[in-house]
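Trainee: quick check, what structure comes out for this input:
(2 chains)
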Amino acid sequence: MLNYLICRRFRCKAQLTDQKDYKMNIFTLFRDVVVEALNNLSKTGALPSDLEYKNLTVEPPRDASHGDLATNAAMVLAKQARQNPRAVAEMLAPQLEKHADIESVDVAGPGFINMRVAASFWQQQVSTILSSGTDYGASDMGGNEKINVEYVSVNPTGPLHVGHVRGAVFGDALSNLLIKAGFDVTREYVINDAGGQIDVLARSAYLRYCEAHGRDVGEIPEGLYPGDYLVPVGVTLKEKYGDQWLDADESVWLEQIRLDATAAMMELIRADLKTLGVVQDVYFSELSLHKDGRIQDAIADLRSKGHIYEGVLEPPKGQKTDDWEPREQTLFRATAFGDDVDRALQKSNGDYTYFAADIAYHYDKYKRGFHSMIDVWGADHGGYVKRMQSAVKALADDGNLDVKICQLVRLFRDGEPFKMSKRAGNFITLRDVVEEVGRDVTRFIMLTRKNDAPLDFDFKKVTEQSKDNPVFYVQYAHARICSVLKNRTPEAFPDMKTDDSTLASVALDGLTDESEISLIKQCCAFPRIIEAAAEAHEPHRIAFYLYDLASEFHSLWNKGNDNKGLRFIVDDNAAITQARLAMIRSVGLVISSGLAILGVKPVEEMR
RNA sequence: GGUCCCGUAGCUCAGUUGGAUAGAGCACCAGAUUCCUAAUCUGGGGGCCGGUGGUUCGAAUCCACCCGGGAUCACCA
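Mentor: Model prediction:
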């Protein structure tokens, strides 16, 4: 939240002065340089004046030996300029070489222009990082656009189990990432408090209510929720309502207990989420949609646009059709928007389907100003994606729904898979996971895989302190940095100031070793990684980046073992020491800033 | 049968949205320490990127059709 406020304030300031001041992504910076050079060529008539730069990129070359920056400018523009790509490149190269921060330029392959950036530029970036602090990497890419991220949204019928952890962490980290990239994010949970499962919950709670009054309820019947977590709910109901419902008909108590039990379950779920560090901004009640007619509104809106009709669906193909009965229903013309079949909005008893409520829910989000929405769902909802996206398209031309499917987490203990079974009562709750492996480790590991790939979670391995555990690898790098600054520096240089603002203004021209420059370059990749990850809605990229950055740091650390001249602290040279402290501190800042996106606290020591 | 996701080193996975000679970690082999930690680093071998066509200057990436694995499939939520 604090981070968010800083972001916003910073952005305002940037807009008042010069937009470009804000750009931390050096590739964007140098793209401007390339475009400027091209404009100059257009002015002299060497190139046409109406060039389209849309596909022009400045990127790090795949192979670092090619240089620091590569642009495809010549290849992209060759056709427009009716010239051969190499010729355009040869023309552009000398222009780029004039720039103060560009040391050398060469043309390679089919027309790539590779540029090498001067050491002084990289050194200066250390100071930029230090003065930006943990705000380094923040971007204005999002332009403060409102975006809604809906995640978890588990039925409020019990505590969260391990299967919900991944979606919770993913949604939360994605939200952090989008905030960092300049979006105005709302985190949301939709409470499915209207469906038949809430009746089941209420009946289950009623049994516990009877139990609290001393009745022997025996075995919880099949079809009701057997969990102990409903016992205290029964007690609370007893305290609140006395014995008035004992032996009473369901019609008397059902509605009230639905409300009370749902509220109790949501309290439980929110407490569970909090142990993971997940707190959402909006908890949205599905029931409220039913109550105040917003489902009818949404359907009426679709009807007015001609997307609703009464009709009979074809029986599903290739599936057993024993109990299939054709019946006329209210249908949404999903096929007009890319879905495979049209979808029912009303059940045969006249109730709205869950899909109808979901349409109304997304309609509501849109009307609240969220033209961009992201839903995070479990793997079992994959078949639901098309129809929901069809509905959003039908509701609004400029509405955009991205659905992120989180694949299953496979559980292991020391290499042995183990199964969960609700019947056997050995299912693992979210709380079990957090208690056993810790919040930070859980969060990080959940983000070490792309969301749409399955993830193996081994209770033993994830807490192991070794290099095959990425959490510790990254944390270890951060701890080493803190350790040098806090413990070793005062021994060697008792009077040296090492606060960020001092380090931000020290002379950095002593940072000339190839591996030092390389480490700084890695730090400078951070803003670009953020933008790309935010664009793709893929927070796992941050975790992989941090691993790479840590690797680069550990490598440099060990170079100091072979070559004492490369250690961070050089006993007889305060100037180089301070420059290197500035460098490693900036690495530390990037690591903690990246970890903050993942929702993980950096550690300062690992004893 | 339809739809969606996946297929990259022996294993687990990245791959900067179409870029140059495809990368890490584990495992295997050979070495190195201690600025606050070997919880780390350095080097080595290992690949028809599931297959075949297509799109173009250029494909692991986009398109089509196959092959293999998983999820899902009318009134549940």
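Trainee: show me what contacts the residue nearest the centre of chain A?
Mentor: Geometric centre of chain A, nearest residue: residue A:174, 1.5 Å, by C-alpha atoms, centre = their mean. Neighbouring residues of residue A:174 by C-beta atoms under 8 Å, 6 or more residues apart in numbering: A:149, A:151, A:374, A:376, A:404, A:537, A:539. Placement of C-beta: from N, CA and C, glycine included.
Trainee: what subset of those is buried?
Mentor: A:149, A:151, A:374, A:376, A:404, A:537, A:539 (16 or more other C-beta atoms under 10 Å).
Trainee: which SS class is the first one?
Mentor: With DSSP: H, G, I helix; E, B strand; the rest coil as the basis, the three-state label of residue A:149 is strand.
Trainee: ok, it to RNA strand B distance?
Mentor: As for residue A:149, its distance to RNA strand B is 16 Å (criterion: C-beta to the nearest atom of the strand, to the nearest Å).
Trainee: mind listing what that residue touches?
Mentor: So residue A:149 contacts A:171, A:174, A:175, A:178, A:185, A:186, A:187, A:188, A:373, A:374, A:376 (C-beta under 8 Å, 6+ apart).
Trainee: restricted to strands, list these.
Mentor: Counting by DSSP state E, the contacts of residue A:149 place A:185, A:186, A:187, A:188, A:373, A:374, A:376 in strands.
Trainee: what sits against the first one?
Mentor: Translated: residue A:185. Contact partners of residue A:185, counting by C-beta under 8 Å, 6+ apart, are A:147, A:148, A:149, A:175, A:178, A:179.
Trainee: which one of these is nearest RNA strand B?
Mentor: Comparing the contacts of residue A:185 against RNA strand B with C-beta to the nearest atom of the strand places residue A:178 closest, at 12.8 Å.
Trainee: out of the contacts of residue A:185, which are buried?
Mentor: Of the contacts of residue A:185, these count as buried by 16+ other C-beta under 10 Å: A:147, A:148, A:149, A:175, A:178, A:179.
Trainee: same list (those) but as JSON lines, adding distance to residue A:235 and pLDDT.
Mentor: Formatted as JSON lines, the buried ones among the contacts of residue A:185 follow (distance: C-beta to C-beta, whole Å; pLDDT from 0 to 100):
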{"residue": "A:147", "distance to residue A:235": "42", "pLDDT": "97"}
{"residue": "A:148", "distance to residue A:235": "37", "pLDDT": "97"}
{"residue": "A:149", "distance to residue A:235": "36", "pLDDT": "97"}
{"residue": "A:175", "distance to residue A:235": "36", "pLDDT": "97"}
{"residue": "A:178", "distance to residue A:235": "42", "pLDDT": "97"}
{"residue": "A:179", "distance to residue A:235": "41", "pLDDT": "97"}
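Trainee: near RNA strand B, which residues of the stretch 401-550 of chain A?
Mentor: Contacts of the stretch 401-550 of chain A with RNA strand B, taken as C-beta under 7 Å from any atom of the strand, map to A:405, A:407, A:449-450, A:452-456, A:465-468, A:472-473, A:476, A:479-480, A:483-484, A:486-488, A:491, A:528, A:532, A:535-536, A:538, A:540-541, A:544, A:547.
Trainee: could you flag which of those residues are buried?
Mentor: The buried subset of those - by 16+ other C-beta under 10 Å - is A:405, A:407, A:449-450, A:455, A:472-473, A:476, A:479-480, A:484, A:528, A:532, A:538, A:540-541, A:544, A:547.
Trainee: SS state for residue A:284?
Mentor: Per three-state DSSP, residue A:284 ends up strand.
Trainee: that one: neighbour count?
Mentor: For residue A:284, the neighbour count with other C-beta atoms under 10 Å is 20.
Trainee: any idea which element the nearest residue to it once chain neighbours are set aside lies in?
Mentor: Closest residue to residue A:284 apart from its sequence neighbours, by C-beta to C-beta, 6 or more residues apart in numbering: residue A:190 at 4.7 Å. Secondary structure from DSSP states H and E places residue A:190 in strand A:184-191.
Trainee: contact residues of the stretch 51-200 of chain A facing RNA strand B?
Mentor: A:57, A:59-63, A:66, A:70, A:72, A:75-76, A:79, A:108-110, A:112, A:114, A:155, A:192, A:194-197.
Trainee: could you pull out the strands in the stretch 1-150 of chain A for me?
Mentor: A:58-59, A:69-71, A:102-108, A:112-117, A:146-150 (DSSP state E, counting those that start in this stretch).
Trainee: and residue A:519, what element?
Mentor: helix A:514-524.
Trainee: kindly report the same for residue A:341.
Mentor: Applying DSSP H and E, one finds residue A:341 in no helix or strand.
Trainee: just the pLDDT for it.
Mentor: Predicted confidence (pLDDT) for residue A:341: 88.
Trainee: is it in contact with residue A:335, as I believe?
Mentor: Yes - judged on C-beta atoms under 8 Å, residue A:341 makes contact with residue A:335 at a distance of 6.5 Å.
Trainee: in strands, which of the buried ones among the residues of the stretch 401-550 of chain A next to RNA strand B fall?
Mentor: A:405, A:455.
Trainee: what bridges to residue A:188?
Mentor: Per DSSP bridges, the residues bridged to residue A:188 are residue A:150, residue A:282.
Trainee: that one: what's it in contact with?
Mentor: Contacts of residue A:188 by C-beta under 8 Å, 6+ apart are A:148, A:149, A:150, A:151, A:280, A:281, A:282, A:283, A:284, A:365.
Trainee: okay if I get the contacts of residue A:149 as JSON lines plus distance to residue A:443?
Mentor: As requested, the contacts of residue A:149 are exported to JSON lines (distance: C-beta to C-beta, whole Å):
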{"residue": "A:171", "distance to residue A:443": "12"}
{"residue": "A:174", "distance to residue A:443": "12"}
{"residue": "A:175", "distance to residue A:443": "13"}
{"residue": "A:178", "distance to residue A:443": "17"}
{"residue": "A:185", "distance to residue A:443": "18"}
{"residue": "A:186", "distance to residue A:443": "21"}
{"residue": "A:187", "distance to residue A:443": "15"}
{"residue": "A:188", "distance to residue A:443": "20"}
{"residue": "A:373", "distance to residue A:443": "24"}
{"residue": "A:374", "distance to residue A:443": "19"}
{"residue": "A:376", "distance to residue A:443": "15"}
